[in-house]
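# Predicted model follows, preceded by the sequence.
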Amino acid sequence: MDFVSAKNKLREKYLELNFELVDEHESELYFHWPRRDLQIRISAQEINDFAISESIRADVRVAPVECSICSLNYREQVVDFYEYGTRRFFPFGDRPFVFKEKGKSLYVEVGLASNLFTNFFRFDEVFLSLSLERLRRPLYRGRDRTIEVNDLLYRPITIRVQNIGASSIENAIKRSSQIIESCLFEISYLKGPTLMLVDEWPRRQPRNRPFQFGETIRGNILPLPRADFNVDTIRFYQRGMSTNDPVIQFLSFYHVLEYYFLPVSDEVLYAKLTQRINDPKFAPTRQNLDRIIQDTLTHKRESDETEMLKRVLQKYVDEEEIISFLKSYEEYLGEKFYSRRKNIFGESIEVKLEPGHVISNIAKRIKVTRNALVHSADRYERKQRYIPRSASEKMLKKEIPLLKFLAEKVVIGSAIR
């Protein structure tokens, strides 16, 4: 696309967005934004950058995700800090991280999005809304201010791989993905900040009320505890409540349940052995002692962790209350997240919301998820493992309310009066 065509397209697009054209020179455009009474300039350089972006559009694909572009020789994708709020310590600006090796053409940068990237997405619906959102910032409030349109464009942090030299877009994605992940690791290892690839544009989330099961207490007057809660399990619970990382949340609440695996499992064995010993017919004969030994060995063989989890839930959590919780939670989600068969890290699991089934089903689901989080590889089961990606985190976050509910019930149920 030549300069004149690029200028005409920019004029047309901004007029469609209700910007008012107030002046036009041979190499510049001036608009008025009435909502903030601002004058906005599109410079010759910006028009030229837009022309370059439009000229290569036929060779570039939006892939492999919506906030990434890729051609045979170039890939650029949005990245973000893994920990919210870290960006203020690493503002980038004009100092990107650069990866290059003498004598090789492959070149990687991590910094604010390039002009090529921002111009490619300039009128994309979501990108445009993110850019227009910047006009609402206090910085641009007031009269008689002239600002550059380029300053309004949403400019995330991206990673750029240049001179890929692939034979197809698919191969370019495959090769650049490995390079990108390796470079992000080097940034963490050598410089400290942890960046991750982003799969989608940030979107304003609807302000749904957080899920709440049961009654809440209003005001600041709370009941004095009527029992002594286990301090160790409280620590696990508090760790789960103090983070937004779904993996740490899940494992922390799971640790509350796991804390009682052995005590509760041993209670079952003790009850069985006590019944044998208290039988008036019992005598310490070889035959009876062999039965006790067999009871112990059988108990150890049958007490896998899923069975232990099941026994803890049976002891401390009311089955009908679990069913009520799951029905309420599915209504909140607007989907049968538990009661419809679902593939959970390689296993097809359905939670039947019926007495006699629900505890066994959720115990299996929790244990499968826990294994996927803890083990990065399993040479025996050959199951899928949890890889920190957007889709995996979204699914895991939906599992947290149930784990939190069960942890709370176990903390309360195990308290000593």
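On my side now, so go ahead.

# Now tell me which helix or strand of the protein has the poorest mean pLDDT.
When each helix and strand of the chain is scored by mean pLDDT, DSSP states H and E, helix 286-302 comes last, with a mean of 63.

# residues in contact with the next helix or strand after that one?
Remark: after helix 286-302, the chain's next helix or strand is helix 305-316, criterion DSSP states H and E. Helix 305-316 is contacted from outside by 257-258, 260-262, 264-265, 267-268, 322, 359-360, 362-364, 366-367, 406, 409-410, 413-414, using Cβ atoms under 8 Å, 6 or more residues apart in numbering. All C-beta atoms are positioned from the backbone trio N, CA, C, and that covers glycine.

# Can you flag the buried ones in those?
257-258, 260-261, 264-265, 268, 322, 359-360, 362-364, 366-367, 406, 409-410, 414 (16 or more other Cβ atoms under 10 Å).

# Which stretches in the stretch 201-350 of the chain count as strands?
Assigned by DSSP state E, counting those that start in this stretch, the stretch 201-350 of the chain shows strands spanning 342-344, 347-349.

# What residues of the longest helix seen in the chain count as buried?
As assigned by DSSP state H, the longest helix anywhere in the chain is helix 390-413. Using 16+ other Cβ under 10 Å as the test for burial, helix 390-413 gives 392, 395-396, 398-411.

# that older thread, now tabulate the strands of the stretch 201-350 of the chain in TSV and tack on distance to residue 331 and mean pLDDT.
Compiled in TSV, the strands of the stretch 201-350 of the chain are given as follows (distance: least, Cβ to Cβ, whole Å; pLDDT from 0 to 100):
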stretch	distance to residue 331	mean pLDDT
strand 342-344	17	86
strand 347-349	20	87
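
# Out of those strands, flag the one nearest residue 166.
Residue 166 lies closest, by Cβ to Cβ, to one member of these: strand 342-344, at 32.7 Å.

# Quick one: residues in contact with that closest one.
348, 349, 350, 365, 368, 369, 372.

# quick one: buried residues of it?
342, 344.

# and that strand, which strands flank it?
strand 347-349 (antiparallel) (DSSP bridges).

# Now do the buried residues in stretch 326-343.
Buried residues in stretch 326-343, defined by neighbour count with 16+ other Cβ under 10 Å: 326, 329, 330, 332, 337, 338, 339, 342.

# Output those in CSV, with distance to residue 70 appended to each entry.
Shown next, in CSV, are the buried residues of stretch 326-343 (distance: Cβ to Cβ, whole Å):
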residue, distance to residue 70
326, 42
329, 39
330, 39
332, 38
337, 34
338, 38
339, 40
342, 32
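
# follow-up on the earlier one: can the strands of the stretch 201-350 of the chain go into a markdown table with extra columns for distance to residue 72?
Converted to a markdown table, these look like this (distance: least, Cβ to Cβ, whole Å):
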| stretch | distance to residue 72 |
| --- | --- |
| strand 342-344 | 35 |
| strand 347-349 | 40 |
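
# quick one: residue 405 from residue 316, how far?
12 Å (Cβ to Cβ, to the nearest Å).

# meant to ask about residue 163
60 Å.

# who has more neighbours, these two?
Per other Cβ atoms under 10 Å, whichever of residue 163 and residue 316 has more neighbours is residue 316, with 17 against 11.

# Next, work out how far apart that one and residue 33 are.
For residue 316, the distance to residue 33 - Cβ to Cβ - is 60 Å.

# do the same with residue 171
44 Å.

# same question, residue 81
31 Å.

# swap in residue 416?
66 Å.

# Looking at those two, which has the bigger crowd around it?
The neighbour comparison of residue 416 against residue 33 (other Cβ under 10 Å) goes to residue 33, with 21 against 7.

# dump the residue contacts of the more buried one.
Residue 33 neighbours (Cβ under 8 Å, 6+ apart): 19, 20, 39, 40, 135.

# and the closest residue to the last one other than its chain neighbours, which of the three is it?
I take that to be residue 135. Of all residues not flanking residue 135 in the chain, residue 36 sits nearest, at 5.8 Å (Cβ to Cβ, 6 or more residues apart in numbering). Reduced to three states with DSSP: H, G, I helix; E, B strand; the rest coil, the structure at residue 36 is coil.
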